[in-house]
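[1] Sequence first, predicted model second:
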Amino acid sequence: MKKSMILIILAIAVMSFGTFAADQNVSVTFGTIDVLGVTGAAAVTFVATTPGVLPVNQTDNSTSLAWTTNSDDRKITASLATLFAGVNLSALVTVVGGAGTAAIVNFAVAGTPYDAVTGIGIECLAGQLITYTGVVTVMVVGYGSKTNVVTWTLTGDV
């Protein structure tokens, strides 16, 4: 009986202390994310053609773009650092699964950013194919292989 009474008193004593809780504030910072990447290296090659005819248009679609943004008002621009003599170069991004609208970029003025994809919303897309097309406009002295830089930029859609 004494043991039972001691156990009951101990149980009452433990229950009277109750449960204690403490609150803690947790802060989460989620800033603006705008990331753009390009894969691969494009090459447009012109070869011999029929006498009296300019070489046929050539394309390359071995490269792609990927982007991540948490803003709903973005676009991608493209600019070509230096024009190619005798060749007009254009680019088209094929947007699959995203909110953006693609436009053909005709690089007419060196260093000028042209809208390539507009209306980009909050999204993460990879593997968006870039097709470069080269059109010979006039015959020039062959210059072998020449590399110029295309700069892709993810920016505000204004």
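    Perfect, I can see it now.

[2] Residue 147 is in what secondary structure piece?
    Residue 147 belongs to no helix or strand when assigned by DSSP states H and E.

[3] From residue 60, how far off is it?
    Distance, residue 147 to residue 60, by CB to CB, to the nearest Å: 13 Å. For every residue, glycine as well, the C-beta is placed using N, CA and C.

[4] Name the residue in these two with the higher neighbour count.
    A side-by-side neighbour count of residue 147 and residue 60, using other CB atoms under 10 Å, places residue 60 first with 17 against 10.

[5] Can you name the residues bridging to the spatially most central residue of the chain?
    Nearest residue to the geometric centre of the chain (CA atoms, centre = their mean): residue 67, 2.1 Å. Note on residue 67: beta-bridge partners by DSSP bridges are residue 36, residue 125.

[6] That one reaches residue 125, doesn't it?
    Yes: the pair residue 67 / residue 125 is scored as a contact, 5.9 Å apart, by CB atoms under 8 Å.

[7] residues in contact with stretch 111-118?
    If you take CB atoms under 8 Å, 6 or more residues apart in numbering as the criterion, stretch 111-118 is touched by 75-81, 91-93, 95, 100-103, 105-107, 128, 151-153, 157.

[8] Let's see that with 7 Å instead.
    Residues outside stretch 111-118 that contact it (CB atoms under 7 Å, 6 or more residues apart in numbering): 75-79, 81, 91, 93, 95, 100-103, 105, 153, 157.

[9] Closest one of those residues to residue 51?
    residue 91 (30.6 Å; CB to CB).
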